[in-house]
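Undergrad: Sequence and predicted structure are below.
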Amino acid sequence: MAERKPIESWLTDMDGVLIHEGVPIPGADAFIRKLRDTGKPFLVLTNNSIYTARDLHARLRRMGLDVPVENIWTSALATAKFLDDQRPGGTAYVIGEAGLTTALHDIGYVLTDHEPDYVVLGETRTYSFEAMTKAVRLINNGARFICTNPDETGPSLEGPLPATGSVAALITKATGKDPYFAGKPNPLMMRTGLNAIGAHSESSAMIGDRMDTDILAGLEAGMQTFLVLTGLTTEAEIDRFPFRPSKIVKSIADIVDRV
């Protein structure tokens, strides 16, 4: 087997790797600082499409993590990049928050419920039955179905919440149409992110806390992968998957010296 190239650029998930329930995970600040000091290309990724990169920059900064706006890559931005490549200047009916609507506005999309090219489903705090009904009817009338990410649940202080993947399943059941998911584990999100920072998969690594999204996406994009045990996937669950990460570490603190 050919030896892997040294890691020159880093992609990392946000929740479960750098922060947990609004608090930085020990070592996250040192990791970000080391990346910035060495000048190595990096991206912080999230499948959450609620917030804009500017919003996330401000939220992370309040936690003591100084991540520049241009180093944040969300499933909303990946979705917008995909749609801009597929159908520039198109139209979409959107269920989502500012992170998604802003990303689509920025590529020149018109948001409308009148014969849109696409129905785009993202994360929102309040899924409306009326909005879902409209999405079903538009898809049945020919709109293409796009979804920011397949995550079925999301975390909250009270416990798991239904997320984009669960709502997508409802719409699929009502229309018979499966969506195209732009976010992780689609390697497209990784490849467009790598392109954005001028990096190459063979000399890049992905850090994540979920085998089914982060590690799978990194693997399929041809990157080295690091699973941290500070998030959703536990050590006991790893062998249930038909693939493995390149390395398993306790936390982001164990990766600082590799940068």
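TA: Received, thanks. Numbers count the residues shown, from 1 in each chain.

Undergrad: use CA for all of it now, contacts and neighbours both
TA: Will do.

Undergrad: Quickly run through the sheet partners of the lowest-mean-pLDDT helix or strand in the chain, with directions.
TA: Least confident helix or strand, the chain: strand 153-154 with a mean of 81, by mean pLDDT, DSSP states H and E. Here strand 153-154 is paired, per DSSP bridges, with strand 161-162 (antiparallel).

Undergrad: Counting by contacts, list what the next helix-or-strand element following the partner strand packs against.
TA: Counting by DSSP states H and E, the element after strand 161-162 in chain order, helix or strand, is helix 164-175. With contacts taken as 3 or more Cα pairs under 8 Å, 6 or more residues apart in numbering; DSSP states H and E, helix 164-175 sits against helix 129-140, strand 153-154.

Undergrad: tilt between helix 164-175 and helix 129-140?
TA: Orientation note: helix 164-175 sits at an angle of 60 degrees relative to helix 129-140 (axes from the mean of the first three to the mean of the last three Cα atoms, to 10 degrees).

Undergrad: burial of the closest residue to Gly90 other than its chain neighbours, as a residue count?
TA: Among residues not flanking Gly90 along the chain, Tyr109 sits closest, at 5.3 Å (Cα to Cα, 6 or more residues apart in numbering). The tally of other residues near Tyr109 (other Cα atoms under 10 Å) stands at 20.

Undergrad: if we can go back for a sec, tell me which of the helices and strands packed on helix 164-175 is the most buried.
TA: Scoring the helices and strands packed on helix 164-175 by mean neighbour count under mean count of other Cα atoms under 10 Å gives helix 129-140 as the most buried, with a mean of 16.

Undergrad: what helices or strands is that helix leaning on?
TA: By 3+ Cα pairs under 8 Å, 6+ apart, helix 129-140 packs against strand 91-95, strand 118-121, helix 164-175.

Undergrad: list the contacts for the spatially most central residue of the chain?
TA: Central residue of the chain (Cα atoms, centre = their mean): Asn47, 2.6 Å from the mean position. Contact partners of Asn47, counting by Cα atoms under 8 Å, 6 or more residues apart in numbering, are 74-76, 148-149, 151, 183-184.

Undergrad: With pLDDT, neighbour count and secondary structure added, can I get those in a markdown table?
TA: Output for those, formatted as a markdown table (pLDDT from 0 to 100; neighbours: other Cα atoms under 10 Å; DSSP: H, G, I helix; E, B strand; the rest coil):
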| residue | pLDDT | neighbour count | secondary structure |
| --- | --- | --- | --- |
| Thr74 | 98 | 30 | strand |
| Ser75 | 98 | 27 | helix |
| Ala76 | 98 | 36 | helix |
| Thr148 | 98 | 30 | coil |
| Asn149 | 96 | 31 | coil |
| Asp151 | 91 | 22 | coil |
| Gly183 | 96 | 28 | coil |
| Lys184 | 95 | 26 | coil |
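
Undergrad: So what does Ala143 look like in phi/psi?
TA: phi -70, psi 140 (degrees, to the nearest 10).

Undergrad: burial measure for it, as a count.
TA: That count, for Ala143 with other Cα under 10 Å as the rule, works out to 20.

Undergrad: Not counting sequence-adjacent ones, nearest residue to Pro42?
TA: For residue 42 the amino acid is Phe, not Pro. Phe42 sits nearest to Trp10 (Cα to Cα, 6+ apart), 4.7 Å away.

Undergrad: Please give the element, helix or strand, for that neighbour.
TA: strand 9-13.

Undergrad: what residues does that strand touch?
TA: Around strand 9-13, the neighbours that count as contacts under Cα under 8 Å, 6+ apart are 40-46, 199, 203-209, 214.

Undergrad: got a winner among those residues for most neighbours?
TA: Gly208 (34 neighbours).

Undergrad: you'd agree it is up against Ile215?
TA: Yes. With contact defined as Cα atoms under 8 Å, Gly208 reaches Ile215; the gap is 6.3 Å.

Undergrad: what sits in contact with each of the two?
TA: Common neighbours of Gly208 and Ile215 (Cα under 8 Å, 6+ apart) are 225-227.
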